[in-house]
Each structure stands twice: as structure tokens, then as C-alpha cells.
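> Return atomic coordinates for the entry below.
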Amino acid sequence: MLWSVVGATLVVLFLVGWLFAVGSPQQRVGLVLLAVIVLPVAAVMWTPRDSAPVPEERAASAPQATVVATPPRVPEPNRQAGYVSADTCRECHPDHHQSWHETYHRTMTQKATPEAVVPSFDDVTLTSRGRQYHLMRKGDEFWVDTVDPSAEMMAFIQGVDLTQMSQMPRVERQIVMTTGSHYHQTYWMQNPNGTLIQFPWVYHINTDRWVYRIDSFLRPPNDKVTFNIWNIHCLGCHSTGGEPRVNPHDKSMFSVGELGISCEACHGPGEEHVRLARASEDDVRKDPHIVNPRTCSAEVSAQICGQCHVISERHDEGEFLAHGDPYRPGGEGFEAVRKVIRHSEDILVSDENHGQSLKSRFWPDGTVRTGGREYNGLIRSACYTEGEGHRQMSCLSCHSMHDYNSPSKLIAKGMETDQACTQCHSEPQYTERLAEHTHHGINSVGSRCVNCHMPHTSYAIFAAIRSHRIQSPSVRAGERGARPNACNLCHLDETKGWAAEKLADWYDIEAPEVTGDEADIATGPLWALKGDAAQRAVAAWHMRWEPARLAAGDDWMPAVLAELLTDSYPAVRYVAYESLRTHAGFEDLKYDFDGPPDVREAIRQQVLAQWQETATAPDSPSLAARLLMDGDGRRQREEIRRLIEEQDPRAIAILE
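Take a look at the predicted model:
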């Protein structure tokens, strides 16, 4: 055993060194990940350890856990790169510091303290995929009794089916760091060599529940377990000035300028600016060493946000893994170090798996559908590409890090209304004659600019999010997996053909030929039952969105949502359940989206039976037919079954 471990370790070290010299970025990442797995596993196998007692109630179901009592190591501030920290900025900018301090950018990554950790860790047991995890508090420390992540990753790399391995070694690991504090929070455990690996459960704050990590994303059923290493996968965007230092020749600990997204993430390293400010009483507001995104051009300002809010490929992944991102806010190297993906076909065609993951993150028309990647949408918007001067749109046209009403979305004051658009589009047809333009009541949701030009077609964290590719509504007929159009995301009870006719009548937009199910069945049930996983999730979310429920009526929606309770994608089931709970009579419905299939099926039937008891016939036979009901309000079961059987089976994996 000893010599096999020694041999494996030497082989990995040789391959890592060789690939850093000649390999592709993808090969480098893969081998580096293997290295950080093999070496700690080897150390564990060589080092005798004392076993910690397992509580009696868990002793029968799990092997004894070994306590890994290594001193907690989190990324330490690196002052050599010119970063001085937000506390230093506060000396001269207390108001700006305070407004930043209240944002979720600040709390994106934190040390695992009682103030930072949101849920209770007091004797909590979590179970999924035949694995049990036990959470506990030790004073102000947070610990987990878990399957040994190093051993599990090693087995995964060797091609072992982890679901078939019931007796994996167990360890107790300390949670040393958190990521997230707004919608969900993830946790980082420490390997014996100091590597931080993600705990495989995520805590969802709004719903107060733990979710197995791979089920918290829109990913295919039974998708392979993945493992995130902090300084390989997350350090770049969830910290300021991060240096992964993943290099077989450099044993130093990875570092950051500061945990979380702080002042210097947007304004650049502040060391020289601080030195000048302290050495002189002169006005340093025009100091060229510091960057103010507000005074930058739209392109440069957007790039500062685009450091993180983008889907891109680094030209030299190895350089990033060793030394971090060389781009600094306001600099000219944004696209010199990365290739911004502008379309789903703009991929590395030589890497089939990588290409498929990118395709999943875009709609077929090239619009990004991954939430949090707004830069990809912005740069394909005419407001950005064709605007000039102050009319060229940037992120700061609508958002502000310091002057906002709510830290939730950081929408600048005054920009929560149509003013966000009419600040540039001030012509009468968009202001005093707005109803003539929208063909909706002036005070209705149908006259709000964003509902037509920024519909909720991005997806992240169990929710549909507004697209930041700003464009006019259009209907794409006959296209597999097409992005849902803005008209039908409100009018879920109407067909694509209806929307195409309205756009042609009102705006002279050429109507495509709409045939088959798209001509006969309302988009709500059609997308939800026959669409791909992204369409199903987006449709299910809109069945809780108040404007859609008002426009389309919501009496029919629970019957459609019930079918999604047994969807093959865990995330679709979760979205459907949360939408169903917003409908009268289902507020207290008990359902576990990750529970046994037979239990989920029983609840589906329960919901349908309850809905049928109070269901009424739609206002017209044509509406009933569009909504897959008979004239008396009974469900067209055979037609519903047909649509589900014809459901788009393509794998969708939206990596957030």
C-alpha cells in the first residue's frame, strides 16, 4: 500500500509539472485538482491517527469519524500586491464604507464565525445519496462529521460509483469559511494540507432548509458529483485580489487582498492612493492611482463589474492559478486575459464536455441564461453597442454600490421605475403617450419597460431573473429549446401564435409560421410539460409571479405545477413546489423535492385531487383546450401524458 501511494504521488507531481509547461488550460486545471486530492490522501494514509468516538445514535449507521485537528487556515490578506483593505478606506470615506458594508458583496466570503454562519449547527443530521452528515458546534467553532472528502474525490477520479460505496472513511472537519449570505450560504472544510474544499450541502436562507449541493443547481438527474476547491474554482470572484498560488513548485498558502468583494475590487489596489493622501493635504480625488467606475467610460465601467458577472475563458488558466488575475479595475487588459463568450457557439469545439456546459448556459439565440452573468447580456444590447456618450448604457446606468434603496439588487435610487429607461428614451411615445406604445393600460404591468424588454429568462438559485440582454419581444417558432418570449411570460394562457399576431399588428414585427402544439396549446403548460429543463424551470417560476397570474389567471396553474413535482430535475421540482405554495389551498403543502419517488408521486396525485375538487370550467371552450382541459374543467390526461413523453430530453446544466 505504501509504495502504491508513493508511486501515485510521484506520477501526479510529474504530470502537473509537465502540463504547466505544455498543457492546455483545461488539462492544467484537471491535473492540479488531482494533485490537491492525491497529496492529502497520501498524507492521511501514511499518518496514524486516533479515532474519535461517534455518538451512539450514529454509531450503527456510520463508520467512526477521525478528527482532523489541523489549525484553521483561511486566505490571509496579501499586502504585497498593493491592497490596503476596506478598513483603511474608511478613514477618509466613512459614508461610502458604510453603504458598501451593508451590501451582500461585503459578506460574500467570511471567516466562519457565529456572526457569519446563518443556520444552526447544533446537532443537525443531513442525509442524501446514502450519505449521512452531522453538524455540530464546539464553542464558537463549526464542525461536520462527514464522509472523508479527500477519499471520496479520489474514488471519483478513479471512476468509482460513489452511490454504491456505503462504507467510506469518515472524518470530522472544521468549517473555516463561508460563501454567500443573501439567498444561500455554502461552507468550506479544510483538508490536512490546508486546501479548502466545499461541504456538499448548501443552506437556502429564504426557505430555511439545507439542500444537497448538486441538487441546488439546474443539473440533470443523477449528474456526477463535483468537488469545488476554493482557490481553484471560487477565489477569483468571491474575494478581492485573490492569488490561487496553485503551483507544484510553490508551497505558499493562497492569499487574497481581502475576503469578500471590497472597495479595491472596483477601485483597484489603494496603497499608492493612501500614501499620497497621508503625505499631502492636497485634493487626491483625481489621483490616477485609484479608479472611480462612475467617471470611467461605459465600456471600462462595465468591465469592472464584468470581472465577475461574466462567462469567459481565460487565455492562460495556468497563469491565473499560479498568480491570480492580472487585470485591475480601469486597466486595458480585460479582454487581453479572457475571452468573453458572446454566443453559445463561441466555444472550444475541441472539448466536447466543456462545450456542452457552455451551451447549457445560453439560449439558442445566444442570450445568456445563467443568472449573475449580466455582462454577457449587456454587451449584446443595443443600449450598449449603439449608445453614445451618456446614452451608452453601463451597469451604473441602473445600479449603484453606494446610492440604493435596498442592498438586495443594488438598484440606484430613482431607477426602480421606467425612469431607468426614459432617462435616455425620453421621446413622447415612451412617456406621456406610453399607452399608445405598449397597448396596455398606462399603470399596468404591461406598460413597464422591463417586463417587455428585460423579461425573466435568466436562471439562478431556484429563480428566474431578468435578462440583461435588452431587446424587443419576438416569437421564435419551431425552434427547439427557444427562449420564452416576453409576451407569453405574462400571458401564459395564450399560444405563441397569439403573441406573434399581436406583435405583427402592433409593431409590424414579422410573424413566423406557428404550427402544431405551439399553435394549439398555451405556452404555460407547453413550456412546463414539453420544454427542456430551463424552459420548465422558467415557466414554473412565472406561475408564482404576480403579473403573470393576473394576466393569465391562475386557477389552472396548480394542475400544471403538480406534474412538475415528479420532474426528473431536482431543481425543477423545487421551483414548482415553491410556486405551488403561493396558490390558495396549497400554502401548507408538505413535500420534499429530494424525497423518495413514490412519495413525490403520491403528493402529485394528492395535489391534483385537491385541485380537481374546486376546479371550474374556463370561460370558453377554446381557452379550456389551450389549457389542456375539457369544457367541464377536467384535465385532458392523455394529452398531458403525451406532452410529458415528448419532453425535450437534452441535458441542461446551468453552472452558476
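
> the helices in the stretch 1-150 of the chain, which residues?
With DSSP state H, counting those that start in this stretch as the criterion, the stretch 1-150 of the chain has helices at 2-22, 25-46, 56-59, 86-90, 94-101, 149-157.

> And the stretch 501-650 of the chain, by the same measure?
Under the criterion DSSP H, counting those that start in this stretch, the stretch 501-650 of the chain carries helices at the ranges 517-520, 523-530, 533-542, 546-552, 557-564, 570-580, 597-614, 621-626, 637-645.

> Next, the angle helix 533-542 makes with the second one.
Yep, that's helix 523-530 we're talking about. 140 degrees (axes from the mean of the first three to the mean of the last three Cα atoms, to 10 degrees).

> For helix 523-530, which outside residues touch it?
For helix 523-530, the surrounding residues in contact (Cβ atoms under 8 Å, 6 or more residues apart in numbering) are 484, 488, 491-496, 499, 517-518, 535-536, 538-540, 542-543, 552, 556-557, 560-561, 563-564, 627-628, 640, 643-644, 646-648. Just so you know, the C-beta spots here come from the backbone N, C-alpha and C atoms, and that holds for glycine as well.

> just for the stretch 1-150 of the chain, where's the confidence low?
Residue ranges of the stretch 1-150 of the chain with pLDDT under 70: 1-71.

> quick one: the strands in the stretch 101-250 of the chain?
109-111, 124-128, 131-138, 141-147, 170-179, 184-190, 196-198, 201-204, 209-212, 239-240 (DSSP state E, counting those that start in this stretch).

> ditto for the stretch 401-550 of the chain
Listed in chain order, the strands of the stretch 401-550 of the chain (DSSP E, counting those that start in this stretch) span 456-460, 463-466.

> Buried deepest among those strands, which one?
strand 456-460 (a mean of 23; mean count of other Cβ atoms under 10 Å).

> which residues sit against that strand?
218, 363, 367-373, 377, 464-468, 483-484, 489, 534, 537-538, 541-542, 545, 654, 656.

> Drop anything exposed from these.
Using 16 or more other Cβ atoms under 10 Å as the burial test, the contacts of strand 456-460 include 218, 363, 367-373, 377, 464-468, 483-484, 489, 534, 537-538, 541-542, 545, 654 as buried.

> which among the contacts of helix 523-530 end up buried?
Among the contacts of helix 523-530, the ones that count as buried by 16+ other Cβ under 10 Å are 484, 488, 491-496, 499, 517-518, 535-536, 538-540, 542-543, 552, 556-557, 560-561, 563-564, 627-628, 640, 643, 647.

> ok, now how distant is Gly446 from Ile379?
To Ile379, Gly446 is 28 Å away according to Cβ to Cβ, to the nearest Å.

> on that earlier part again, looking at the strands of the stretch 101-250 of the chain, which is nearest to Glu613?
Smallest distance to Glu613 across the strands of the stretch 101-250 of the chain (Cβ to Cβ): 29.1 Å, for strand 209-212.

> State the distance from Asp520 to His289.
According to Cβ to Cβ, Asp520 and His289 sit 64 Å apart.

> mind checking which helix or strand of the chain has the lowest mean pLDDT?
helix 56-59 (a mean of 37; mean pLDDT, DSSP states H and E).

> Domain map for the protein?
For the chain, automatic domain parsing gives the domain ranges 1-48, 51-290, 477-656.

> Export those as JSON lines, with columns for distance to Tyr430.
Output for the domains of the chain, formatted as JSON lines (distance: least, Cβ to Cβ, whole Å):
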{"stretch": "domain 1-48", "distance to Tyr430": "45"}
{"stretch": "domain 51-290", "distance to Tyr430": "31"}
{"stretch": "domain 477-656", "distance to Tyr430": "14"}
